[in-house]
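1. For reference, the sequence and a predicted model appear below.
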Amino acid sequence: MYMENEKFSSVFGDSFVTVTGISHYYGSRPFAVGTLIRCIKEPDNDYDCFAIKCCLPYIGTVGYIANSENTVAGGTLSAETIYYSVPDSFFARIMFTLSGQVICRAELYNTEQLEREYLYQAIEEDNKILCIK
């Protein structure tokens, strides 16, 4: 069970997380500053009981929210720290990209508007692909 968004905000303020493991998927190519990613808890993950995978609408999983001292960038929160304070699925907005890591801000308000924006990203990407062909 997660806390209400107001409690999360008052405890953590602007919450930044690190997306890591991107080299196991598509590298840094799909990450553009301002883009929304969907974060989904994976309670049955064999490697990390606090795993939160990160997805883009047009390609699926692109990484995970960092959860070890070796992967959590300074000034960001670990998956374990936010796990019980966020819903099972939430959005994060890409703020910065670094080599091998992406820094995002958790977006926990206006979920209906964020859902529309996330789906619009998929439509935009489909249109780009159609223009290339």
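-> Ah, there it is.

2. First-to-last residue distance for stretch 73-81?
-> 14 Å (Cα to Cα, to the nearest Å).

3. mind listing what's buried in it?
-> 73, 76-81 (16 or more other Cβ atoms under 10 Å). Heads up, the C-betas are built off the backbone N, CA and C, glycines and all.

4. buried ones in stretch 78-96?
-> 78-83, 85-86, 90-92, 94.

5. just to revisit the earlier point, for the buried residues of stretch 73-81, work out which two are farthest apart.
-> 73 and 80 (15.1 Å; Cβ to Cβ).

6. Give the single residue among the buried residues of stretch 78-96 positioned nearest to residue 21.
-> When these are compared against residue 21 (criterion: Cβ to Cβ), the nearest one is residue 79, at 11.4 Å.

7. Contact partners for the closest one?
-> If you count contacts by Cβ atoms under 8 Å, 6 or more residues apart in numbering, residue 79 has them with 17, 48, 50-52, 64-67.

8. among those, which ones are buried?
-> Here, 16+ other Cβ under 10 Å leaves 17, 50-52, 64-67 buried among these.

9. and the residues you listed, which two are the farthest apart?
-> Checking the buried ones among the contacts of residue 79 with Cβ to Cβ, the most distant pair is 17 and 51, at 12.8 Å.

10. in this protein, which spans are strands?
-> 16-20, 36-41, 52-56, 60-65, 89-98, 101-107 (DSSP state E).

11. want to throw those strands into a markdown table with mean pLDDT?
-> Listed next are the strands of the chain as a markdown table, based on pLDDT from 0 to 100:
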| stretch | mean pLDDT |
| --- | --- |
| strand 16-20 | 95 |
| strand 36-41 | 95 |
| strand 52-56 | 95 |
| strand 60-65 | 95 |
| strand 89-98 | 93 |
| strand 101-107 | 94 |
